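> for reference, the sequence and a predicted model appear below.
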Amino acid sequence: MEIPLDLTLPRPVTTPHVVRLEIDSFTDLRRDAAPLAAWFGELVAALLVPLCPASVAELVSVARQYRPSDTTPWGPPGYARLLLSSGDFTVEAWARQLDLLSEGELDFLRVVLVRLDDQGLPAAETWAAEVVLKDDPEFPHQIVVTAAREVFGGWISRPVQQNWLDHLATGAILAKAAHGWITLDRVGARTAHELATGTGIDTALTAVAEKARGCHWATLLGPRQTAALGGVEHVLHEAPCLEADHLGGGRILLRLTEDLENVPENAERGLKNFLEPVLLG
């Protein structure tokens, strides 16, 4: 008798410690659907695939051959599983999703790496990593990458951090982003600043073209935010951070410190004060 398999991810017991990259954009992503799909595929290959405990081919093969039981429904205990928003991850299904995205026929795409505990169930943090593209006409379109801190093998190396930064920059240019960031925290979908100011997620997303959603290790300022802070040259020369890079079109990427895992409070406070005119709340 075949056991029906429910692959609905349960909610985590506590908010996991994660690295989070987000890009918010009001641009119609269907205009540049083909380059967006190519970039999204490369994003998954560069940021999510290296976190897998085995090759994608092996994960797919094991999932295909696995026969679930009522005690280990997801997969072999201690292993992992890749999922798509459309169902199980296979090379063919993934290629099909990217084709639909490139044709402008897809407004939601999610790739999830699920870690399994010793009972073959999603581990305590629920997932290990996920990449999401959400094209919502009521709110800015969002591209989100999240990865549990512990899947990086004890520490997040500088080359890995730079890889995330590079993809934030290229994605911001491609999507003509209104705002974006990279952070390491435990707060979930809402930013620490939104929680501190009591700002709801709908309010934050609606206002994101003018208002930054917080001060982060990497903060991407959109054109309107840059203008409100005094313009490109003023931000490049006056922002109190390690690095400020003009990506073009008034978009500036601010990198607060050299290391994502080492952000002194005084450094964060200094940049937050500088960004005060464009912060929510």
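In hand now; what should we look at? Residues are numbered from 1 along each chain as shown.
> show the average pLDDT along stretch 253-271.
Average pLDDT, stretch 253-271: 95.
> ok, residues contacting it?
19, 155-156, 158, 161, 165, 168-169, 172, 182, 184, 215-221, 235, 239-245, 247 (CB atoms under 8 Å, 6 or more residues apart in numbering). Bear in mind the C-beta positions are built from the backbone N, C-alpha and C, glycine included.
> buried sites along that stretch?
253-257, 260, 263, 267-268, 270-271 (16 or more other CB atoms under 10 Å).
> what is the nearest of those residues to Ala189?
Using CB to CB, Leu260 comes nearest to Ala189 of the buried residues of stretch 253-271, at 19.2 Å.
> A helix includes that closest one, no?
No - read with DSSP: H, G, I helix; E, B strand; the rest coil, Leu260 is coil and lies in no helix.
> is it true that Asp135 touches Arg31?
No - at 11.5 Å, Asp135 does not count as touching Arg31 under the criterion of CB atoms under 8 Å.
> neighbour count for the two, which is higher?
Asp135 (21 against 10; other CB atoms under 10 Å).
> residues touching the closest residue to the more buried one other than its chain neighbours, list them.
Among residues not flanking Asp135 along the chain, Asp107 sits closest, at 3.8 Å (CB to CB, 6 or more residues apart in numbering). By CB under 8 Å, 6+ apart, the residues touching Asp107 are 134-136.
> Pro76: neighbouring residues, count only.
Other residues close to Pro76 by other CB under 10 Å number 13.
> how about the helices in this protein?
33-43, 56-65, 91-102, 158-175, 192-197, 201-206, 223-228, 232-238, 265-275 (DSSP state H).
> which one of the contacts of Asp107 is nearest to Val62?
Lys134 (29.1 Å).
> these two touch, right, the closest one and Phe108?
Yes - Lys134 lies in contact with Phe108 (CB under 8 Å); the separation is 5.6 Å.
> those two - which one has more neighbours?
The neighbour comparison of Lys134 against Phe108 (other CB under 10 Å) goes to Lys134, with 16 against 12.
> distance check, the residue lying closest to the more buried one once chain neighbours are set aside against Ala218.
Ranked by CB to CB, 6+ apart and with sequence neighbours excluded, the top spatial neighbour of Lys134 is Gln142, at 4.7 Å. Gln142 sits 16 Å away from Ala218, going by CB to CB, to the nearest Å.
> those two: which has the busier surroundings?
It is Ala218, of Gln142 and Ala218, that has more neighbours when counted by other CB under 10 Å, with 22 against 19.
> bridging residues for that one?
Note on Ala218: beta-bridge partners by DSSP bridges are Ile182, Arg255.
> gap between it and Ala95?
Relative to Ala95, and taking CB to CB, Ala218 is found at 31 Å.
> what values do phi and psi take at the residue nearest to Asp135?
phi -110, psi 0 (degrees, to the nearest 10).
> over to Leu121?
phi -110, psi 160.
> for the residue lying closest to it once chain neighbours are set aside, give its distance to Ala128.
Once flanking residues are discounted, Leu121 sits nearest to Trp74: 5.9 Å by CB to CB, 6+ apart. Using CB to CB, we find Trp74 at a distance of 13 Å from Ala128.
> now the common contact residues for these two.
Residues touching both Trp74 and Ala128 (CB under 8 Å, 6+ apart): Val114.
> identify all residues paired with the most centrally placed residue in the chain through a beta bridge.
Per CA atoms, centre = their mean, the C-alpha nearest to the average position across the chain is that of Val145, at 1.9 Å. Here Val145 sits in beta bridges with Leu21, Val131, as judged by DSSP bridges.
> hang on, isn't it packed against Leu48?
Yes - with contact defined as CB under 8 Å, Val145 reaches Leu48; the gap is 7.3 Å.
> overlap in contacts, those two.
In contact with both Val145 and Leu48: 129-131, using CB under 8 Å, 6+ apart.
> most neighbours among the residues you listed, which one?
Neighbour max across the shared contacts of Val145 and Leu48 (other CB under 10 Å) = Ala129, 26 neighbours.
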